[in-house]
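Colleague: Sharing a model that was predicted from the sequence below.
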Amino acid sequence: MPHPRLVAFDLDDTLAPSKSAIDPRIGDLLVALAERVDVAIISGGQLAQFTTQVVDRLPDASAEALSRIHLLPTCGTQYYRLSADGVVKIYAHSLTGDEKSRALAAVEQEAKRLGLWESKTWGDILEDRGSQITFSALGQTAPLDAKKAWDPTGEKKNSLRAAVAARIPDLEVRSGGSTSVDITQRGIDKAYGMRQLAEQTGISLDDMLFVGDRLDPDGNDYPVLAMGVDCHAVEGWEDTADYLEGLIPTLPEPTRA
């Protein structure tokens, strides 16, 4: 494409270290990007994570730039836009009570059966995010070093994902972050989020670019690549920042009143 009309990002390990706030350098670049094209963030995390990691850390921006920022928690089962007044909900598609209870039971029982239910954790292992159930092996606030050391090959997550998927075949079970497994309604992944972006904005998928750190076949960003969206792989937020510093000057200049 000559240039993208919308650039979408994964959050953890793409815009920021896992569960951590964005660096001011990323904040400046996101606003500079939003002055030229639409910007979206798609992650398995919930809205509170988006708010503390990104929204609260953005520098001052024009109302026009803010209006071009889209937030898609839980892989697009929730959709929010930014405005000068704050975060505005467009929709949220929640799991049913039955789906939640079966998902919670399956992931806890299978984690214990496989020896993956840890005794030393930082925060809750299981989290009801409304439209998504998330298992975090070491808890939601585990330190980065502990998370990286828990499953460096992804073997633990993949074995748990397969075991839980066999228990609840009517739901979607996928690997999430470095220590997490996410459960949603069927067909929900980051490709779903990208399709929702296209529907909500009227911007074709052919005019979008996705930036993520897990575009490998086992990664949670891979569905975006598999659907044919132009993608750019990164290895951490510094890599993303370097890439944006090269990309932004190639995009159309913002119009001035």
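Modeller: Yep, that arrived.
Colleague: Helices of the stretch 1-150 of the chain, start to end?
Modeller: 24-34, 47-53, 63-66, 97-113, 144-150 (DSSP state H, counting those that start in this stretch).
Colleague: Would you mind putting the ones you listed into a markdown table with distance to residue 209 and mean neighbour count alongside?
Modeller: Every residue, glycine included, has its C-beta placed from N, CA and C. Output for the helices of the stretch 1-150 of the chain, formatted as a markdown table (distance: least, Cβ to Cβ, whole Å; neighbours: other Cβ atoms under 10 Å):
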| stretch | distance to residue 209 | mean neighbour count |
| --- | --- | --- |
| helix 24-34 | 11 | 19 |
| helix 47-53 | 20 | 17 |
| helix 63-66 | 18 | 16 |
| helix 97-113 | 33 | 17 |
| helix 144-150 | 27 | 14 |
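Colleague: Any idea which of the ones you listed gets closest to residue 247?
Modeller: helix 24-34 (7.8 Å; Cβ to Cβ).
Colleague: what's the offset of that closest one from the middle of its chain?
Modeller: 18 Å (Cα atoms, centre = their mean, to the nearest Å).
Colleague: So, low pLDDT: which residues of the protein?
Modeller: Along the chain, segments meeting pLDDT under 70 span 1, 255-257.
Colleague: Can you pull up the most central residue in this protein?
Modeller: Ranked by distance to the mean C-alpha position of the chain (Cα atoms, centre = their mean), the top residue is residue 43 at 1.0 Å.
Colleague: Hmm, that residue is touching residue 11, no?
Modeller: Yes - Residue 43 is within contact range of residue 11, at 3.8 Å (criterion: Cβ atoms under 8 Å).
Colleague: any residues in contact with both of the two?
Modeller: 49-50 (Cβ atoms under 8 Å, 6 or more residues apart in numbering).
Colleague: So residue 220 belongs to a strand, correct?
Modeller: No - if the criterion is DSSP: H, G, I helix; E, B strand; the rest coil, then residue 220 is coil and not within a strand.
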